[in-house]
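[1] No sequence on hand, only this structure:
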């Protein structure tokens with residue numbers, strides 16, 4: 001029977017290598033090898049977490065896995081009977097983990113996100129309950145709840161793409177998801193307890209997209225692979241003693257000393273970039289801030305604080321970038337440089353997937369100037385999906401369908417116009433012509 005592991009209570013217990021463990025047969029990263037070499041029958045689980053070889057949550061994951069695979073064991077016996085001293089509060093570690101954080105809203109005010117804290121496993125605590133009184137459908141609320149439960153998944157799974165997906169597929173997946181999860185889509189709606197949850201979900205989505213879109217950060221964050229085939233296959237070999245196993249392991253990890261120095265240097269650089277990014281963030285230089293934090297993550301991809309801050313920073317960078325594009329697009333439009341205006345509006349849509357009016361305006365330009373009916377249909381459909389009660393948006397989509405000779409679809413859109421506005425003369429005329 002496999003032992004029950006309770007990290008909150010087991011962290012004061014001493015760990016050692018299992019008697020039949022053959023460390024040199026394990027497939028470990030350098031940092032995992034270094035961590036395993038420190039498990040010598042004298043250090044506690046908690047002491048190993050504080051050594052800095054890996055982030056504390058990564059140490060927990062490794063130790064839990066190695067315990068389950070019988071690579072290591074508790075020095076006081078594997079039955080799990082000995083626990084923390086009775087004087088220690090049972091919820092001590094939980095209290096340490098559940099720290100209150102805050103995030104910046106778009107108007108600069110601080111908003112508590114206690115109800116949607118992200119813990120080390122990537123899960124969300126205290127999920128809100130379905131509330132039919134909110135300005136969110138039950139289906140939308142359930143979608144947010146389901147998405148929040150999977151925030152600890154690898155980035156490509158969050159986006160719903162293969163691990164080796166190309167940049168175009170990653171961008172498309174993000175765009176489709178961000179139309180539903182962007183907080184600005186729900187501006188001025190009564191979202192109740194879901195308000196914080198929407199923010200957390202979108203930040204994680206944005207984090208996944210940005211870090212997988214950049215080849216450097218993508219390579220770094222995907223570098224760490226789960227330990228596979230970790231249970232030693234000793235076969236008929238005579239098992240090593242614990243002391244001999246530790247000696248052999250230390251011989252093996254001796255080569256990692258240079259790697260450790262390099263790792264420490266990378267962490268120092270990452271910290272410098274992160275601090276620079278936070279300075280830029282405070283001074284509202286969002287694009288600079290995003291670039292610096294991205295570099296911090298590239299140098300230290302295991303640092304969860306850097307990654308969690310990146311969502312806030314990158315969101316502000318998106319807002320700045322979209323503002324610049326819209327200013328340029330409107331200028332080009334006023335100068336009647338319509339092709340240039342279309343290209344700029346089309347770029348801005350990527351940063352504002354929740355903006356129905358922008359999607360509609362860009363669809364019109366795609367149709368009349370860009371002569372790109374496929375893109376025009378996509379954008380017009382996006383506008384209709386975002387604001388289904390807009391007769392104007394249905395009418396534009398209907399006209400594009402007529403141009404594309406999709407008569408049944410065009411008729412459906414003009415009929416939708418008349419359901420919204422029975423007196424619309426253009427829609428009546430269009431139906432007569434079909």
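    Here it is on my side, so go on. Values in this document were obtained by computation on a predicted structure and should not be read as measured data.
[2] contacts and neighbour counts: CA atoms only from here.
    Fine.
[3] so residue 73 makes contact with residue 18?
    Yes. Between residue 73 and residue 18 there is a contact under C-alpha atoms under 8 Å: 5.6 Å.
[4] And the helices in the stretch 151-300 of the chain?
    The residue ranges that make up the helices of the stretch 151-300 of the chain, judged by DSSP state H, counting those that start in this stretch, are 155-159, 167-181, 194-213, 215-221, 242-253, 257-282, 286-299.
[5] any idea of the pLDDT on residue 401?
    According to the per-residue confidence, residue 401 scores 94 in pLDDT.
[6] and it, how many neighbours?
    21 (other C-alpha atoms under 10 Å).
[7] same check, this time on residue 129
    The burial count for residue 129: 11, using other C-alpha under 10 Å.
[8] Over to residue 42?
    By the criterion of other C-alpha under 10 Å, residue 42 has 13 neighbours.
[9] Residue 139 too?
    So residue 139, with other C-alpha under 10 Å, has 10 neighbours.
[10] Next: residue 432.
    With other C-alpha under 10 Å as criterion, residue 432 counts 9.
[11] what about stretch 174-186, distance to the chain center?
    13 Å (C-alpha atoms, centre = their mean, to the nearest Å).
[12] List the buried residues in it.
    174-175, 177-186 (16 or more other C-alpha atoms under 10 Å).
[13] what's the farthest-apart pair in those?
    Spanning the widest gap among the buried residues of stretch 174-186 are 174 and 186, at 17.9 Å by C-alpha to C-alpha.
[14] which residues touch the spatially most central residue of the chain?
    Centroid-nearest residue in the chain: residue 204, 2.9 Å away (criterion: C-alpha atoms, centre = their mean). Counting by C-alpha atoms under 8 Å, 6 or more residues apart in numbering, residue 204 touches 151, 308, 311.
[15] Can you classify residue 40 by secondary structure?
    Secondary structure for residue 40, judged by DSSP: H, G, I helix; E, B strand; the rest coil, is coil.
[16] do you know how far it is from residue 69?
    18 Å (C-alpha to C-alpha, to the nearest Å).
[17] and what of residue 319?
    The value you get for residue 319 to residue 69, if C-alpha to C-alpha is used, is 47 Å.
[18] Kindly report the same for residue 47.
    21 Å.
[19] Ok, residue 405 next?
    In terms of C-alpha to C-alpha, residue 405 sits 62 Å off from residue 69.
[20] Those two: which is more packed in?
    residue 69 (16 against 11).
[21] and that one, backbone torsions?
    phi -90, psi 10 (degrees, to the nearest 10).
[22] mind checking pLDDT for it?
    84.
[23] Which residues does stretch 395-413 contact?
    Contacts for stretch 395-413 (C-alpha under 8 Å, 6+ apart): 364, 367, 373, 376-377, 380-381, 394, 414, 417, 427, 431, 434.
[24] just stretch 371-378 next, same as before
    Defining contact as C-alpha under 8 Å, 6+ apart, one finds that stretch 371-378 is touched by 362-367, 397, 400-401, 404.
[25] what do you get for stretch 164-182?
    Under C-alpha under 8 Å, 6+ apart, the answer for stretch 164-182 is 144, 159-161, 185, 198-199, 201-202, 205-206, 209, 212-213, 350, 353-354.
[26] Which entries within those residues meet the buried criterion?
    Applying 16+ other C-alpha under 10 Å to the contacts of stretch 164-182, the neighbour count classes 144, 159, 161, 185, 198-199, 201-202, 205-206, 209, 212-213, 350, 353-354 as buried.
[27] ok, so of those, who is nearest residue 33?
    Distance ranking of those against residue 33, using C-alpha to C-alpha, places residue 212 first at 27.1 Å.
[28] For the helix or strand hosting residue 331, buried residues please.
    Residue 331 belongs to helix 304-334 when assigned by DSSP states H and E. Neighbour-count burial for helix 304-334, counted by 16+ other C-alpha under 10 Å, picks out 306-307, 309-322, 325-326, 329-330, 332-333.
[29] Looking at the helix or strand following it now, give me its mean pLDDT.
    Next along the chain after helix 304-334, taking DSSP H and E as the criterion, comes helix 338-351. For helix 338-351, mean pLDDT rounds to 91.
[30] and if you look at stretch 15-29?
    Per-residue scores along stretch 15-29 average to 72.
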